[in-house]
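# Please find the sequence and the predicted model below.
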Amino acid sequence: MAFETQRLIHTFAALADLGQEIAEKSDFEEMVRSSFHMLLGSLAIRRGALAEYEAGEETLRFIANRGFGDEFPAQLTLKREEVERLLGSFAREAAASERRANLPLDQKELLDRQGVELSIPLIVRGDLIGLVLLGGKASGDPFTDEDRELLDSMARHIGVGIKTHRLLEALEQKAEENRQLYDGLRQIYKDTVRAFATAIDIKDKYTQGHSERVGRYSGLIAGELGWSEDQVEGIMIAGYLHDIGKLIVERDIINAPYRINAKESKELNQHPAAGYEILEPIHHPYADLPLMARHHHERLDGNGYPDGLKGDQISLGARIVTLADSFDAMTTDRPYQKRRTLDEVIIDLRMNAGKQFDPQVICALCRALLKEIQGESKERRFRKLLGKGYIDDERIVPLLVELISDLDPQSTPLAAGRM
Amino acid sequence: MAETSGDDVHSRCVGQTAVIYASDYLNKLSGERIERECQRQLDSGFRSLVINFRDTELVNSIGVSILMGVIDAAEKTGAQLFFSNVNEHTVELFQMLGLTRHVGLASNEQEALGLITGLSATGIKTPS
C-alpha cells in the first residue's frame, strides 16, 4: 500500500476514533488520556502535554503529559490580555503560522529545552479552553501544514470534550445545590407538619403523641404493602395531619373524661371534614393528603362518616390511616378506657376485618409486627411505639400467624410466620 | 525461562531479554498496561525487550502512542527494543510514521532474540 494512502487511512481512523471517544466516554480522565494518545499516535509524536486554561487564575494547568521529563512545569501563566490578543488573531483568521508563532507563555526557555516544537490552543466558541504542546515526530521530519491542519482539527475535538465536561460539571454542581435546597425545604415541610401534629395533640391531654404515632404506623403499613419511599413519606404526613380538623373542636369535648353525648359527638365528628377544608387549599407535595384526613373515619361497610363511603370508594391511603388511627386508639390509654392487651386488639381487628377495616391493610400491619418480633426487621419500631413489655411474643405470634393466614390465604405459612 | 503476568500482560524472560506479548490490548486505553509492563521489566534490570505482535492484527493511533512511550522508556535506559511478528500492513505503518528509526523489526521472536544475542544475522531489519 502506498505510504500516502496508508497515512490517510491512519489519520482518518484517528479522527473517527477521537470523535467517538469524546462523544461516548463519560469518564473525563479516561477521555483525556485516550484522546491525547490518539492525537500523539496520529503522527507518532514523541512527546506531548495537554493543559486546561483556568481563566480566573490566568493559568494553564497540565492534565496530561507523555514523554516530557520531570522538569516539565505543572502549570504556566497566561494573562487574560494575552489570551484576548490570541483569540483576536484567531477571529481575524490570521495565517496559521502567525497564530501559532509566539504564544505568550512564561518559562519559554524551559519549554524549548524540553523539546516543545508546536503549540496548539484549544479554542471553542471563542473561548480558550486549553493548550496542547507537542515535541517532534518519531520520523524526525518537521511538521507539515497538513500535519498542523490534522492536529488543529483533533485539538478542536478535545477542546469540545473538555468544554462539555466543564458544562456538565457546572450542571451537576447546580443540580446538587438544587437537590440540597429541595432536601432542606422538604425537611422544613416535614418539621412543620410534625410541629402541627404536636399542636393538634397538645389540645388533647389524653392522646399526646397520637398523631405522630398514627403517622408512624401508617408508614409501617404502607412500607409492608410495598409502597415507594416517597409514598411512605406521604402517608406518614397524612397520619401526622389526619386529626388537624380537631383544631376547630372545643377543647372540653376533646378532653371530656366521660363518654361524650350525641351533641358533643356530632361536633367531634366534624373534624375529618374540617381537616379536609384546612388541608385542601394547601399545595402538598403528596397526592390525596386532604382526602386521607377526610376519610379516616369511613368504614368499608359504609357506616362511617362524614361521607358514608363504601369499599373501594375509600382510597387505600385513607384505609391505612383509618387502621393506624384505631390501632393507636386501642393500644393507648383513653380518659374513659384503659388500653387493651395486644391479644384483644388482634381479636378486634379480626372481628372488624371487611367491616371497619380493609383485610389487606390488617394483614400488612400484622406482617410488619410479626417481622419485627421474628427479627426480620432490625428496627424495633413497634416496640418503641407500644412501649416496653406490651408485646408478649409467645402469645402474639400464633394469633398474628392465624389472622394473616385467615385474611390472606395466599400467604405461605413460612412467609406468614416463622418462630 | 521464566514466565510472568504482571498487570495481566503476558511476558517471559529469555536470558537477559524480556519478551512482552502485545495481544489485542494495544489499541485501547488498556494498552497502557503493556507500557507499564515494559517499564517494569526495564526497572528490574532488563536491557533488551522484544514486543511480540503475533496476536495483534491492527495498530491504531492509541497503539502507536503507547509504543512511542515504550520507545521513549527504552531509549532513556539505553535498552535495545525489537518488535517481532508484525504483519505487513503494520510494518508499513511503522515505517511511514518513523517508528522503525527507533526499533528493530524481526519476522519472529526467535529472530529477534537471535539478533539481540548476536547468534543470527539473517532476515533482520535494523533501525533505519
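Arrived safely, thanks for sending. Nothing here was measured: the structure is a model prediction, and the numbers come from that model. Residues are numbered from 1 along each chain as shown, chains lettered A, B, ... in the order given.
# got any ranges where chain B has weak pLDDT?
B:1-8, B:118-128 (pLDDT under 70).
# hey, where'd the strands end up in it?
In chain B, the strands defined using DSSP state E lie at B:2-4, B:11-14, B:17-21, B:48-52, B:80-84, B:104-106, B:124-125.
# Please dump these into TSV; it should also carry distance to B:Arg40 and mean neighbour count for every row.
Every residue, glycine included, has its C-beta placed from N, CA and C. TSV is the format used below for the strands of chain B (distance: least, Cβ to Cβ, whole Å; neighbours: other Cβ atoms under 10 Å in any protein chain shown):
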stretch	distance to B:Arg40	mean neighbour count
strand B:2-4	9	11
strand B:11-14	9	18
strand B:17-21	9	22
strand B:48-52	11	25
strand B:80-84	15	23
strand B:104-106	21	22
strand B:124-125	27	16
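# packing partners for the helix or strand encompassing A:Phe382?
Following DSSP states H and E, the helix or strand that holds A:Phe382 is helix A:381-386. Helix A:381-386 sits against helix A:210-224, helix A:359-373, with contacts defined as 3 or more Cβ pairs under 8 Å, 6 or more residues apart in numbering or on different chains; DSSP states H and E.
# List the buried residues of it.
Using 16 or more other Cβ atoms under 10 Å in any protein chain shown as the test for burial, helix A:381-386 gives A:Arg381, A:Phe382, A:Leu385, A:Leu386.
# same question, stretch A:29-40
Judged by neighbour count (16+ other Cβ under 10 Å), stretch A:29-40 contains these buried residues: A:Met31, A:Val32, A:Arg33, A:Ser34, A:Ser35, A:Phe36, A:His37, A:Met38, A:Leu39, A:Leu40.
# what's next to that stretch, contact-wise?
A:14, A:17-18, A:21-22, A:25, A:45-46, A:48, A:50, A:63-64, A:66, A:132, A:134, A:151, A:154-155, A:157-158, A:161-162, A:165, B:29, B:32, B:60-62, B:64-66, B:68 (Cβ atoms under 8 Å, 6 or more residues apart in numbering or on different chains).
# likewise stretch B:21-39?
A:30, A:33-34, A:37, B:6-11, B:18, B:20, B:49, B:51-60, B:62-63, B:66-67, B:69-70, B:73-74.
# now the end-to-end length of it.
End-to-end distance for stretch B:21-39: 14 Å, by Cα to Cα, to the nearest Å.
# Can you mark which positions in that stretch are buried?
Neighbour-count burial for stretch B:21-39 flags B:21-23, B:25-27, B:29-39 (criterion: 16+ other Cβ under 10 Å).
# For the residue of chain B found nearest chain A, give me phi and psi.
Going by Cβ to the nearest Cβ, chain A is nearest to B:Gly98 of chain B, at 2.7 Å. Reported as degrees, to the nearest 10, the phi and psi values for B:Gly98 are phi 90, psi 10.
# What residues of the lengthiest helix in chain B count as buried?
Determined from DSSP state H, the single longest helix within chain B is helix B:61-77. For helix B:61-77, the buried set under the neighbour-count rule, 16+ other Cβ under 10 Å, comprises B:61-74.
# now stretch A:397-407
A:Val397, A:Leu399, A:Leu400, A:Val401, A:Leu403, A:Ile404, A:Ser405, A:Leu407.
# which stretches of the stretch 1-150 of chain A have low pLDDT?
A:1, A:25, A:89-106.
# Disregarding residues adjacent in the polypeptide, which is nearest to whichever residue of it sits closest to chain B?
Residue nearest to chain B within the stretch 1-150 of chain A: A:Ser139 (2.7 Å; Cβ to the nearest Cβ). Counting by Cβ to Cβ, 6 or more residues apart in numbering or on different chains, A:Ser139 lies nearest to B:Gly98, which is 2.7 Å off, once chain neighbours are set aside.
# How about the contacts made by that neighbour?
B:Gly98 makes contacts with A:Ala44, A:Lys137, A:Ala138, A:Ser139, A:Gly140, A:Asp141, as judged by Cβ under 8 Å, 6+ apart.
# quick one on the thing from earlier: I'd like the buried residues of stretch A:29-40 laid out as a markdown table, including secondary structure.
Formatted as a markdown table, those follow (DSSP: H, G, I helix; E, B strand; the rest coil):
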| residue | secondary structure |
| --- | --- |
| A:Met31 | helix |
| A:Val32 | helix |
| A:Arg33 | helix |
| A:Ser34 | helix |
| A:Ser35 | helix |
| A:Phe36 | helix |
| A:His37 | helix |
| A:Met38 | helix |
| A:Leu39 | helix |
| A:Leu40 | helix |
